[in-house]
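[1] whatever this is, show me its structure:
(chains A and B)
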Amino acid sequence: EAQVTQNPRYLITVTGKKLTVTCSQNMNHEYMSWYRQDPGLGLRQIYYSMNVEVTDKGDVPEGYKVSRKEKRNFPLILESPSPNQTSLYFCASSLTSTRGTEAFFGQGTRLTVV
Amino acid sequence: AQSVTQLGSHVSVSEGALVLLRCNYSSSVPPYLFWYVQYPNQGLQLLLKYTTGATLVKGINGFEAEFKKSETSFHLTKPSAHMSDAAEYFCAVSVATGRRALTFGSGTRLQVQP
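    Purely as a prediction, here's the structure:
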């Protein structure tokens, strides 16, 4: 089944404790991105990747890192999480970055930083 | 820069009534427009999209949307609401290939009353 898989689905952590949210897609998609969803703000792009070893900042990159060593995986790293990073995170992939290409989303990771 | 405005963060309708979710966009170039649906505890799923051609677009689950360039709108409609339509709906715009693959509105939560 074609899908984007994120883990974990739920995570509660303490301020400053490094964490990684994994994202994997099995559709051989070139383009992957991370979004955070906050009430009243919709989804905002954190980082994106056009292909392996090619990543760049989105609209709200502060406090986050990513890597793309393999085409299928695109982990999101929070080196020193803070309470303002409490949010619902989505990984998405699409065949290319060409506009109009459908994005496929993971089920989301609800992160709470205390 | 492009932007999306969704009028009404919450919409409530009775089962069997017309569903109308409003979306207006701002773009300096012809946009591609999308509606995504998010069911509780799930990721976003594509409902429909407009790229070029016919301005009335039909999607899944009986939804449709009409692109009106003169009004810069892409409102989502369904003639008869079903309880299973209760979800959050996001309008999104894509105006360029590359980084900003999608810019999302803030979302509209649809409630369907029995």
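
[2] next helix or strand past the lowest-mean-pLDDT helix or strand in chain B?
    Across the helices and strands of chain B, the lowest-confidence element by mean pLDDT, DSSP states H and E is strand B:103-104, at a mean of 90. Sequence-wise, the next helix or strand downstream of strand B:103-104 (DSSP states H and E) is strand B:108-113.

[3] buried sites along that next one?
    Along strand B:108-113, these residues count as buried under the neighbour rule (16 or more other C-beta atoms under 10 Å in any protein chain shown): B:T108, B:R109, B:L110, B:V112. For glycine as for every other residue, the C-beta is placed from the backbone atoms N, C-alpha and C.

[4] pick out the residue of chain B closest to chain A.
    B:G43 (3.5 Å; C-beta to the nearest C-beta).

[5] list the residues that contact that residue.
    By C-beta atoms under 8 Å, 6 or more residues apart in numbering or on different chains, the contact set of B:G43 is A:V4, A:F90, A:F105, A:G106, A:Q107, A:G108.

[6] one more pass at 10 Å, please.
    B:G43 sits next to A:3-4, A:6, A:90-92, A:103-108, B:36 when contact means C-beta atoms under 10 Å, 6 or more residues apart in numbering or on different chains.

[7] neighbour-wise, give me the winner out of those.
    A:C91 (28 neighbours; other C-beta atoms under 10 Å in any protein chain shown).

[8] who does the residue most central in space within chain B bridge with?
    The residue lying closest to the centre of chain B (C-alpha atoms, centre = their mean) is B:W35, at 3.5 Å. In this structure, B:W35 has the following beta-bridge partners (DSSP bridges): B:L48, B:C91.

[9] for it, give me its contacts.
    B:21, B:23, B:46-50, B:57, B:59, B:63-65, B:74-76, B:89-92, B:105.

[10] up against chain A, what does chain B have?
    B:4, B:6, B:9, B:29, B:31-34, B:36, B:38, B:41-46, B:49-52, B:88, B:90-107, B:109 (C-beta under 10 Å from any C-beta of the partner chain).

[11] now list the buried members of these.
    With neighbours counted using 16+ other C-beta under 10 Å, those contain these buried positions: B:4, B:6, B:31-34, B:36, B:38, B:43-44, B:46, B:49-50, B:88, B:90-95, B:100-107, B:109.

[12] which residues of chain B score low on pLDDT?
    In the predicted model of chain B, residues B:96-101 satisfy pLDDT under 70.

[13] tell me how many other residues crowd residue 76.
    Picking chain A for this. Burial of A:L76 is recorded as 22 neighbouring residues (other C-beta under 10 Å).

[14] chain B was what I was after
    Here the number of neighbours of B:L76 (other C-beta under 10 Å) works out to 24.

[15] now the strands for chain B?
    For chain B, strands defined by DSSP state E occupy the ranges B:3-7, B:10-14, B:19-26, B:32-38, B:44-50, B:56-58, B:64-68, B:73-78, B:87-94, B:103-104, B:108-113.

[16] by contact count, what packs against the fifth one?
    Think strand B:44-50. Judged by 3 or more C-beta pairs under 10 Å, 6 or more residues apart in numbering or on different chains; DSSP states H and E, the packing partners of strand B:44-50 are strand A:104-105, strand B:32-38, strand B:56-58, strand B:64-68, strand B:73-78, strand B:87-94.

[17] okay then, goodbye and thanks.
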